[in-house]
Structures are given as structure tokens and as C-alpha cells.
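S.K.: got a predicted structure plus its sequence, pasted below:
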Amino acid sequence: MKILQDKTVIITGATRGIGKGIAELFADSGANVIFTYASSEEKAKAIEKDLKGRGVEAIAVKSNAADYHACEELVALALDKFETIDVVINNAGITRDGLLMRMTEENWDEVINTNLKSVFNMTKAVQRTMLKQRKGSIVNISSVVGVKGNAGQANYAASKAGINGFTKSVAQELGSRNIRCNAIAPGFIETEMTGALDEKVVQEWRDAIPLKRGGTPEDVANMALFLASDLSAYVTGQVVNVCGGMLT
Ligand code: NAP
């Protein structure tokens, strides 16, 4: 039997990068996957088809993670289709980088709403269901930047540090009902987004990492699989760095 056989998983933002990597590994591990996207309709449809080809149910939903009511509707749709929700992966995230001097209120609000409020939205939306089930795993995708800060990313670092505090608090509130809540803090993960960066700069980043390479979406997905599954039944309230040793 596969490790997530017949589990229902919701993943926010799975058309690219880390979210897509998690969706693929979870489907290969037997989970039915409901995933969201903001605007990449075509990619979402292609991924939905690919996941179904792996022998599981898959549903792509255009849903803004920053919108409280949209998250409630997403959970209602998932329940209508599958009856239980075993795992939520809060992955959707954006950057609007810039030094504080130049950072606008809009830059701040967009990042906080998409990265942090989204985690509140989804956790609130799924809480009642998981309480009734007396079981559930919530995995929030944070960042090493939320632990150590980063010049030019005050908004992003604040959103990720907020996720870490939220994760630990939810773990304490819901642990007695067997609902676990953990965060993953990825370091430098090479995705389509980082493919656009100057190769020389990227190589310097790789050289500064103890494991001498950037991470892959699969590296993060493997940790997400562990935290989603019963293998981590006694793990909650943790922020796990997946960073090749960058943050040591
Ligand atoms: P990415 O390639 O930019 O993908 C972001 C995904 O989120 C896309 O599927 C996007 O959908 C979706 N999304 C964006 N805004 C959304 C919204 N409001 N509602 C629903 N979905 C939304 O990002 P990534 O690099 O894989 O990063 C994924 C997560 O890991 C983020 O939380 C990020 O902060 C975190 N992280 C990444 C790194 C890294 O090095 N890559 C490091 C540390 C942490 P569309 O395609 O429709 O826009």
C-alpha cells in the first residue's frame, strides 16, 4: 500500500516549482489531490491531467489563497467530492522584493495577504473538518528567510516568520485532537523562477551552501511527504529547514 493511499490532500499553488513537485510526489504516493492556482489555467489543466494519469483523482481549482471566502469554498468543494480532508499544504507564495525605503504599502499588503493570511484562511476553513475527524496534518511552506531575515525582503521575511509563529501556535491548540501543524523552511530551491537569474550569481549561491547545490522541488516534496504522512505521527509545531545546510 502506498504511503498516502486514498488520502485527500489540498495544495495551494501547484502549477509550478515546489507546489507542483509536491503534487506529483503525493499523487505517486496514492493521494487524491485538489490543487489551486492564481492564473495559470493551461498549466493547471495539464498538471491535473498528468496527476490523473498517475492513478489518482485530481482537481485543479482557480482560487485566490489570500481570499478568506474563496478558501472556505475550496474546502467545501473538496468535502463535497471526497468527504474527508487529511492534509493541507499551504504553499502559495509570492515575492515583491525591494529595500524598505522603496517598498510600497501595496508591496507589503500583497505579500502578507498571499503568504501569511492565506495560511490563516486555509487553516480556519479546514479546522472544523479536521476536529471532527480527530486527525489531520497541516504543512506550511515557510522559508529560511523567515528565520534569519534578508535585506530587500522585509515583507517576505515578515510573512514567513509569521507563518512560523502561527504554525507553533496551531500545533499547541490542536495537538490534543491529533491535528498536527508543521512548517518547512526551504533555502535556495532551483525552480523556473531562479532559472531566469544570472548563472554566475546562482553558482556563487550554490558554492556557499554546505551541500554545494541548490535544492530541487523534490527535496522539499520529500519533507512534505514525511510531514503529511503517519511517519511523522509524533512531530508537530516544528519548522524544518530544507536548505542543504545553508542555515546552520
Ligand atoms: P512559484 O514557482 O512562483 O509558484 C507559486 C505558485 O503559487 C504558483 O502555482 C502560483 O499560481 C501560486 N499562487 C501565487 N499566488 C497565489 C494566490 N494568491 N492564490 C493561489 N495560488 C497562488 O513559487 P515556488 O518558488 O515554487 O515557491 C513555493 C513556496 O515556497 C512559496 O511559498 C515560497 O515562498 C516558498 N519558498 C520558495 C523558495 C525557492 O527558492 N523557490 C525558497 C523558500 C521558500 P500561478 O501559476 O497561477 O501564478
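M.R.: All right, it came through fine.
S.K.: and the residue most central in space within the chain, what does it touch?
M.R.: Closest to where the C-alpha atoms of the chain average out (C-alpha atoms, centre = their mean) is residue 91, at 2.2 Å. Applying C-beta atoms under 8 Å, 6 or more residues apart in numbering to residue 91 gives the contacts 11-14, 18-19, 22, 141. C-betas here are computed from N, CA, C, even on glycine.
S.K.: ok, of those, which one's closest to residue 122?
M.R.: Checking the contacts of residue 91 against residue 122 with C-beta to C-beta, the nearest one is residue 12 at 6.6 Å.
S.K.: per-residue pLDDT, that closest one?
M.R.: If you check residue 12, the pLDDT there is 99.
S.K.: give me the distance between it and residue 91.
M.R.: The gap separating residue 12 from residue 91 is 5 Å, by C-beta to C-beta, to the nearest Å.
S.K.: got any residues that touch both of the two?
M.R.: Joint contacts of residue 12 and residue 91 (C-beta under 8 Å, 6+ apart) are residue 19.
S.K.: what's the spacing between the lowest-mean-pLDDT helix or strand in the chain and its chain's center?
M.R.: Sorting the helices and strands of the chain by mean pLDDT, DSSP states H and E puts helix 192-195 at the bottom, at a mean of 78. Distance of helix 192-195 from the chain centroid (C-alpha atoms, centre = their mean, to the nearest Å) equals 18 Å.
S.K.: do it and the ligand meet?
M.R.: Yes. With C-beta under 6 Å from any ligand atom as the criterion, the ligand is reached by helix 192-195 at 192-193.
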